[in-house]
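Asks: Got a predicted structure here, sequence first:
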Amino acid sequence: MTNGIVSLDGAHSILDLPSLVLALSPADRELFNRILHVSESVGELCAPESMHSWIEKLFGSVAAVERQTIIKTTNLVTFEGTLFNALRASRPFESNHSSDIDTILHEGVGDPFCSPLEGTPEDIFGRVHGVRCVTASNIAKYDAFHGVVVFEEHNPLQFDADSVNDAFDVGLEWGRRALEADPAAKYFFFMWNCLWKSGASILHGHAQVASTRDIHYAKVEGLRRQALDYRQRCGSNYFDDLIAVHRSLGLTAEVEGAAIVNSLTPIKEKEALVIGSAMDDNLKRAATLVLDQYVHRLGVTSFNLVIYMPPLAPAPEDWSGFPYIVRIVDRGVPTNKTADVGAMELYASSVVSSDPFRVAAALQTAVPA
Ligand SMILES: [Zn+2]
């Protein structure tokens with residue numbers, strides 16, 4: 001890293017994906033084609049002379065704009081899908097936050113979350129106290145059990161491995177307390193929205209927890225059913241195969257007991273999946289590593305992090321083989337007023353600028369050998 005820019009010379013690009021798939025061994029290619037579909041196309045345009053200098057300044061050359069290659073990926077199991085345009089993806093990672101954001105992060109100290117015992121309500125089962133955070137009851141609830149994990153530190157980007165681990169542990173303990181209060185509230189969901197681009201309404205560092213009854217939240221239940229259907233059709237675990245496909249293309253980083261996957265169908269920028277068989281130290285270490293690299297090295301300021309996991313108590317439906325998955329996605333620069341999610345993401349396929357090969361290469365340089 002020099003001058004705040006992370007150099008990744010030699011990393012593959014998303015444009016290489018069709019040829020990389022062709023170069024896979026027959027067995028790896030078969031597995032790839034079972035899960036993913038790749039389509040390549042070229043968009044062309046004619047730019048008037050009067051636009052040339054503006055185009056060169058923004059995109060490097062007129063030729064790059066006149067012929068643009070688009071890679072469209074589709075997950076044939078989950079029907080997540082992404083459109084990558086290399087013209088948008090080639091920009092370097094800027095590892096520095098702008099001073100505007102630093103100023104904003106220091107503003108607002110003294111808010112209700114800075115003194116949570118006085119400034120926030122507690123759940124009917126009380127509060128879970130961690131070392132670096134404490135829970136509160138969410139004042140306007142998504143669901144019957146909806147809590148907040150309030151970080152001790154006001155600045156949401158001022159976290160370290162210990163504080164993130166503490167937030168995970170406290171969140172899970174909150175889920176167990178909710179289950180004691182209502183044995184039907186077994187479907188636990190952990191989420192962390194960081195800064196307003198991610199949907200956070202309060203700047204002070206906090207995650208949220210919810211426990212629901214009867215059926216898990218729609219996207220988690222959908223994934224469980226898709227994975228079950230995959231196992232019945234193909235005879236293998238979908239998540240193991242998803243990791244294997246990404247590993248065969250160099251899109252994983254391995255931490256003991258957990259895999260970090262830079263998805264070929266990211267929901268938005270830089271999406272990483274951290275997958276393990278339990279919410280144990282390995283999975284937490286891997287998730288913390290991704291967050292630390294994203295925020296402290298690759299310039300991410302606003303992000304969403306969630307945990308998908310089986311219910312906290314036995315359920316009538318089949319959760320066997322469903323792992324613990326931490327999903328982390330970059331939500332863009334907080335000072336940019338344009339939303340990163342539009343009609344395409346809500347109703348068609350995600351349009352993504354970041355290149356999963358470059359993000360994976362950056363993460364791999366940080367994984368201890
Ligand atoms: Zn605060």
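Replies: That came through, no problem.
Asks: tally of neighbours for A313?
Replies: Counted by other C-beta atoms under 10 Å, the residues lying close to A313 total 13. Using the backbone N, CA and C atoms, a C-beta is placed for each residue, glycine as well.
Asks: For this structure, what lies in contact range of the ion?
Replies: 111, 113-114, 154, 204 (C-beta under 5 Å from the ion).
Asks: And the buried ones among the residues you listed, selectable in ChimeraX?
Replies: Of the residues of the chain next to the ion, the buried ones can be selected in ChimeraX as follows, counting by 16 or more other C-beta atoms under 10 Å:
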select :113,154,204
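Asks: Narrow the residues of the chain next to the ion to those in helices?
Replies: Using DSSP state H, no member of these sits in helices.
Asks: Same list (the residues of the chain next to the ion) but as a markdown table, adding pLDDT.
Replies: Below are those laid out as a markdown table (pLDDT from 0 to 100):
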| residue | pLDDT |
| --- | --- |
| D111 | 93 |
| F113 | 96 |
| C114 | 96 |
| H154 | 95 |
| H204 | 95 |
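Asks: With respect to G175, which of the residues of the chain next to the ion is nearest?
Replies: G175 has its nearest neighbour among the residues of the chain next to the ion in F113, at 20.6 Å by C-beta to C-beta.
Asks: Which residue is the nearest non-sequential neighbour of R34?
Replies: C234 (6.6 Å; C-beta to C-beta, 6 or more residues apart in numbering).
Asks: For G342, see how far away that neighbour is.
Replies: 34 Å (C-beta to C-beta, to the nearest Å).
Asks: Quick check: phi and psi on the residue nearest to R34?
Replies: Here is the backbone geometry of C234 (degrees, to the nearest 10): phi -110, psi -10.
Asks: Nearest residue to whichever residue of the stretch 1-150 of the chain sits closest to the ion in space, ignoring adjacent ones along the chain?
Replies: Per C-beta to the ion, the residue of the stretch 1-150 of the chain with the smallest distance to the ion is C114, at 3.6 Å. Nearest residue to C114 in three dimensions, chain neighbours excluded: H154, at 5.7 Å (C-beta to C-beta, 6+ apart).
Asks: For that neighbour, give me its contacts.
Replies: Taking C-beta atoms under 8 Å, 6 or more residues apart in numbering, we find H154 in contact with 108-109, 111, 113-114, 203-205.
Asks: Distance to K57 for those - can I get that in JSON lines?
Replies: What follows is the contacts of H154, written out as JSON lines (distance: C-beta to C-beta, whole Å):
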{"residue": "G108", "distance to K57": "37"}
{"residue": "V109", "distance to K57": "40"}
{"residue": "D111", "distance to K57": "41"}
{"residue": "F113", "distance to K57": "43"}
{"residue": "C114", "distance to K57": "44"}
{"residue": "L203", "distance to K57": "34"}
{"residue": "H204", "distance to K57": "39"}
{"residue": "G205", "distance to K57": "38"}
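Asks: of the residues you listed, closest to L31?
Replies: Using C-beta to C-beta, the contacts of H154 come closest to L31 at G205, 40.2 Å.
Asks: isn't G199 right up against W192?
Replies: No - assessed by C-beta atoms under 8 Å, G199 is found out of contact with W192, at 10.5 Å.
Asks: what's the spacing between stretch 182-201 and its chain's center?
Replies: 14 Å (C-alpha atoms, centre = their mean, to the nearest Å).
Asks: ditto for stretch 203-212
Replies: With C-alpha atoms, centre = their mean, you get 16 Å for stretch 203-212.
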